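Asks: My questions concern the predicted model and sequence given below.
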Amino acid sequence: MKRLFILDFDNTVVLNPNYSSFIHLPLIGRLLPRKYLITSGAERVIGELKRRGDFVVILTKTTVLPVKRKMVKVRESGFEEMVDDVVVVRRKTPKVVRAIIERFPAEKAYMVGNSYRNDVEVALKSGITAVYIPRGRGESRKLLEKGGIREKVVVLDRFEEILALP
């Protein structure tokens with residue numbers, strides 16, 4: 001069975017430092033170049049998904065960085081060559097997700113991310129399985145419970161658990 005995995009980039013595939021909220025400021029950006037760590041197991045997981053014949057697409061949004069700079073960030077991480085496509089948008093929407101699904105037809109599709117609004121909500125509105133990896137975001141966990149959709153969302157503790165999805 002061919003599957004499609006749509007992966008969020010920031011704080012899902014790579015972990016950003018806490019200063020990411022103000023790194024866009026020109027002076028700070030020059031003094032503290034944006035650095036990030038690859039999520040434990042991300043390279044292995046993506047490699048295994050590709051070996052199994054699954055489609056893997058990175059879908060990331062950028063509100064502060066220009067799209068070209070965001071693409072440079074993805075390129076520098078080394079993941080661009082590992083995945084089928086990288087899609088950078090200003091806002092994740094069901095329309096964007098449906099366009100990805102049309103380009104990469106699969107029997108099962110998952111959207112994996114760390115944000116309730118940007119990942120879980122968009123996946124559910126797109127009609128695909130939402131996979132939520134919290135990363136300490138307490139407000140997202142509360143929204144998940146408050147929204148009464150906990151049973152519709154796969155919640156994982158670690159990125160590596162993606163490999164066990166059906």
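Replies: Yep, it's here.
Asks: And the pLDDT for residue 108?
Replies: Looking at residue 108, its pLDDT is 98.
Asks: Spit out the contact partners of it.
Replies: Taking CB atoms under 8 Å, 6 or more residues apart in numbering, we find residue 108 in contact with 1, 3-4, 129, 166. All C-beta spots, glycine's among them, are computed from the backbone N, C-alpha and C.
Asks: Out of the residues you listed, which end up buried?
Replies: 3-4, 129 (16 or more other CB atoms under 10 Å).
Asks: what's the burial count for residue 46?
Replies: 21 (other CB atoms under 10 Å).
Asks: picking that back up, what's the closest of the contacts of residue 108 to residue 82?
Replies: Lowest distance from residue 82 to those (CB to CB) belongs to residue 4, with 15.2 Å.
Asks: And the helices in this protein?
Replies: 26-31, 42-51, 67-77, 94-103, 121-126, 138-146 (DSSP state H).
Asks: Where among those is average confidence lowest?
Replies: helix 26-31 (a mean of 46).
Asks: so how far does stretch 153-165 reach from one end to the other?
Replies: 12 Å (CA to CA, to the nearest Å).
Asks: pretty sure residue 37 contacts residue 10?
Replies: No - in this structure residue 37 lies outside contact range of residue 10 using CB atoms under 8 Å: 11.6 Å.
Asks: In terms of packing, which of those two has more residues around it?
Replies: Just comparing residue 37 and residue 10: by other CB under 10 Å the higher neighbour count belongs to residue 10, 21 against 11.
Asks: Compute the number of surrounding residues for the closest residue to residue 113 other than its chain neighbours.
Replies: Once flanking residues are discounted, residue 113 sits nearest to residue 119: 2.6 Å by CB to CB, 6 or more residues apart in numbering. Residues near residue 119, counting by other CB under 10 Å, number 26.
Asks: Just to check, residue 119 is in contact with residue 125?
Replies: No - under the criterion of CB under 8 Å, residue 119 is not in contact with residue 125, lying 11.2 Å apart.
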